[in-house]
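Q: I would like to see how this sequence folds:
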Amino acid sequence: MSEPTLEVRGLTCSIGRRTLLRETDLTAPAGTSLSVTGPSGSGKSTLLSCIAGLHTPQAGTIRVGGTDIAALRPSRAAAWRLHTIGFVYQFGELLPELSAVENAALPLLIAGRGRREAYGAAESLLGELGVGEIADSPASVLSGGERQRVAVARALSTRPPLILADEPTGALDESTTDDVCETLFGLPARYGCALVVVTHNPVVAHRADLRLTLRGGALHSPPESAPGSTPDSATDTTTAGA
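A: Numbers count the residues shown, from 1 in each chain. Reported below is the predicted structural model:
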């Protein structure tokens, strides 16, 4: 059996006097999507920060693509992250003074790719994601849905094995949310990556291959329910993970 793209074991993380994660386990194989829901302040964003190596937990191991994040020296961590993890944020976090294609090409340029190669790859990705026609438009004039698709292209530009999305549809209306979800949850099958999404929206969460709820510092598998129901109310206490 091949090693999962993401493997978290015994993750424990406290901030101040609050323990947000208690011996948490999860796995995400290549080509699959996983969603995490939970109340505000339950630790969803902290979980993503730990997975990305941006926050150091008190205990546990995190492996992405077989690499133990804790073993990385700070001087290597940024370069490793650039090629291994793509990020999609709630508001896209694009640079408004740059065009869509310039934003999408940024990780490749930072990674040392030539300008022609980087822009060519970014243009191809924008086309594949259905926003090729706005490649030269400034990010400041894009709609919310267009910004998020450009953000997805940027996250994919270095072809990382893992994509992390933090409330990627939180600022979008229902129709645009549906369009962005079609793009986002189609990534694992299309590009062979693993996708982890944290969201408050149960409809968004229901699109994932595996749905988990973060409560009391632990990940739980909620009972199967209709897409419109709220997984945060689940009472199942089965801890996720193999």
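Q: Helix or strand: which one has the spatially most central residue of the chain?
A: Taking Cα atoms, centre = their mean, the centroid of the chain lies closest to Leu164, which sits 1.3 Å from it. Leu164 is located in strand 162-166, with elements delineated by DSSP states H and E.
Q: what does Ser14 give?
A: Going by DSSP H and E, Ser14 is in strand 6-15.
Q: Does anything pack onto that strand? Which helices or strands?
A: strand 18-28, helix 44-51, strand 59-64 (3 or more Cβ pairs under 8 Å, 6 or more residues apart in numbering; DSSP states H and E). Every residue, glycine included, has its C-beta placed from N, CA and C.
Q: For the chain, which segments count as helices?
A: Using DSSP state H, the helices of the chain run over 44-51, 74-84, 100-110, 115-128, 144-156, 174-184, 187-191, 202-205.
Q: Tell me which of these is the most buried.
A: helix 144-156 (a mean of 25; mean count of other Cβ atoms under 10 Å).
Q: what's that helix in contact with?
A: By Cβ atoms under 8 Å, 6 or more residues apart in numbering, the surrounding residues in contact with helix 144-156 are 86-89, 91-94, 100, 103-104, 106-107, 122, 125-126, 129-131, 134, 137, 139, 142, 163, 168-169, 171-173, 176, 179-180, 183-184, 187, 191, 193.
Q: Kindly calculate the angle that that helix makes with strand 162-166.
A: Counting by axes from the mean of the first three to the mean of the last three Cα atoms, to 10 degrees, helix 144-156 lies at 150 degrees to strand 162-166.
Q: With just CA atoms, put helix 144-156 into PDB.
A: Output in PDB follows, covering the C-alpha atoms of helix 144-156 (Å, rounded to 0.1, in the frame of the first residue of the first chain):
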ATOM      1  CA  GLY A 144     -15.300  36.800  -5.700                       C
ATOM      2  CA  GLY A 145     -15.600  33.600  -7.700                       C
ATOM      3  CA  GLU A 146     -12.900  34.700 -10.200                       C
ATOM      4  CA  ARG A 147     -10.500  35.600  -7.300                       C
ATOM      5  CA  GLN A 148     -10.900  32.100  -5.800                       C
ATOM      6  CA  ARG A 149     -10.300  30.300  -9.000                       C
ATOM      7  CA  VAL A 150      -7.100  32.400  -9.500                       C
ATOM      8  CA  ALA A 151      -6.200  31.500  -5.900                       C
ATOM      9  CA  VAL A 152      -6.700  27.800  -6.800                       C
ATOM     10  CA  ALA A 153      -4.500  28.200  -9.900                       C
ATOM     11  CA  ARG A 154      -1.800  29.800  -7.700                       C
ATOM     12  CA  ALA A 155      -2.100  27.000  -5.200                       C
ATOM     13  CA  LEU A 156      -1.700  24.400  -8.000                       C
END
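Q: Good, we can wrap up now.
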